[in-house]
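J.: below are the sequence and a predicted model; questions follow.
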Amino acid sequence: MSTKSTLFKDYYSTLSTRKQFKRRMDYLYENFVFDKSEISIIQFINLINNYYYKYAGSLYALNANLKPFYVEFLSSLEPGFDIVDIGGGTGFTYNVIKEIGYSYNRYYFVEPSTYMRDRLNVEDAKLTIISDYIENCWGRLKSSGSKKIYIMNAALHHIIYLEQFAEGLRNAMNNDDIFFIPYEPNNGYQYSMVAIVYNAIKAVKNPRIIARWVLRNLGLFDLFRKCKPRHSSNETKHLTMTLNDLIKDRIVLPEFNEQMIYAITDYGVFDNWKAIRIPDDYNEGFYTLENLDKILGLHVVYLRTYTFQCHSDSNPYKFRQLIDVVARKMFRTSGAKLCMAFKK
Ligand SMILES: C[S@@+](CC[C@H](N)C(=O)[O-])C[C@H]1O[C@@H](n2cnc3c(N)ncnc32)[C@H](O)[C@@H]1O
């Protein structure tokens, strides 16, 4: 069974050392789907997402101030690129780009979930909405010809078959095109010096943190999960409703749990897997700041990290935000969130 240290593996090493590897997703499919003869793994992933967004779609809000990153990044580019917004959701990136006033040629909004997509209620002659998974769209996007900025905000970690995604992206991209990911987990953050020092300070103030750490590292994940629901009660309610529907409709076995829904939808987030027992040979690892360019087969042209003190930057305390600004300047690559751009 996985402990914290074995759970955190380097996706790129697994990719390069094992020809065929099992994924965490295979483990969940093999052990928790109701009837494998009825549902393929891809159908299973799509069903989990559909059921999840049925409840999450109306609640979804990204409380992150990413505008400074978009401004800084887009100011280095001439106007007239096409924007391809992959996993456009409810229109976070669309709204930021409108606010900034970047003059795009066309805006392709790729979003498979109707519950998310329908909340983008705008009139825009340059907007094309594509109701599909990005994996089915590469050919169409490539054939449109113009220079493109592929933006994937808070969506790369939703991709399970990363190397397949990367191949599609590379094939679609021309040399002038850019791939921009403003908001992704910096999965190695917890092991950085900044995080260790910060957590040590927190632990002195709150000894329960030490108890949770010990539980996790002793492999008592179930107990840990019961002690620490990862999300607020409002969010947990929609997870509970999703889980009830999945069980009632015989998609999953009753042993499936709420944490597993997040693990599948927000697949590349290391935090989501800490409370799930995954045998080591089913764990392909996680992308990190250090391996993402290799996994994608692209070159980094822009890199920022941010959010040092908590995993979300919706933290309301001005003092903490101030410390965060200072930390961002001092420890440029050690924040909990990644903002990166790549070229071929
Ligand atoms: C966390 S939301 C982010 C939405 C939006 N980009 C934002 O910043 O608020 C992730 C979105 O990615 C979408 N998504 C997941 N897998 C996808 C895929 N393979 N292709 C396109 N979109 C996908 C989901 O439906 C969801 O709306």
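T.: Nice, thanks for sending it over.
J.: what parts of this structure come near the ligand?
T.: Taking Cβ under 6 Å from any ligand atom as the contact definition, the chain meets the ligand at 62, 86-90, 92-93, 110-113, 116, 133-135, 153-155, 158-159. All C-beta spots, glycine's among them, are computed from the backbone N, C-alpha and C.
J.: wait, residue 135 sits on residue 167?
T.: No. Using Cβ atoms under 8 Å, residue 135 is not in contact with residue 167, being 10.0 Å away.
J.: for residue 74, give me its contacts.
T.: 97, 100, 102 (Cβ atoms under 8 Å, 6 or more residues apart in numbering).
J.: please read the previous query as pertaining to residue 151.
T.: Contacts of residue 151 by Cβ under 8 Å, 6+ apart are 83, 84, 85, 86, 93, 180, 181, 182.
J.: hmm, back to that, just the residues of the chain next to the ligand: which are in helices?
T.: Counted as lying in helices by DSSP state H, out of these, are 92, 93, 116.
J.: got a list of what the residue nearest to the first one when sequence neighbours are not counted touches?
T.: To tie it back to what came earlier, the one meant is residue 92. Take residue 92 and drop its neighbours on the chain: the residue closest to it by Cβ to Cβ, 6 or more residues apart in numbering is residue 62, 5.1 Å away. Counting by Cβ under 8 Å, 6+ apart, residue 62 touches 89, 92, 153, 154, 183.
J.: quick check: the fourth one touching residue 183?
T.: Yes. Between residue 154 and residue 183 there is a contact at 4.5 Å, judged by Cβ under 8 Å.
J.: please identify the buried residues of stretch 49-57?
T.: Buried residues in stretch 49-57, counting neighbours by 16 or more other Cβ atoms under 10 Å, are found at 49, 51, 52, 53, 54, 55, 56, 57.
J.: measure how buried the nearest residue to the fifth one once chain neighbours are set aside is and give me the count.
T.: By that I understand residue 54. Excluding the flanking residues, the one nearest residue 54 by Cβ to Cβ, 6+ apart is residue 115, at 5.8 Å. The burial count assigned to residue 115 is 18, neighbours taken as other Cβ atoms under 10 Å.
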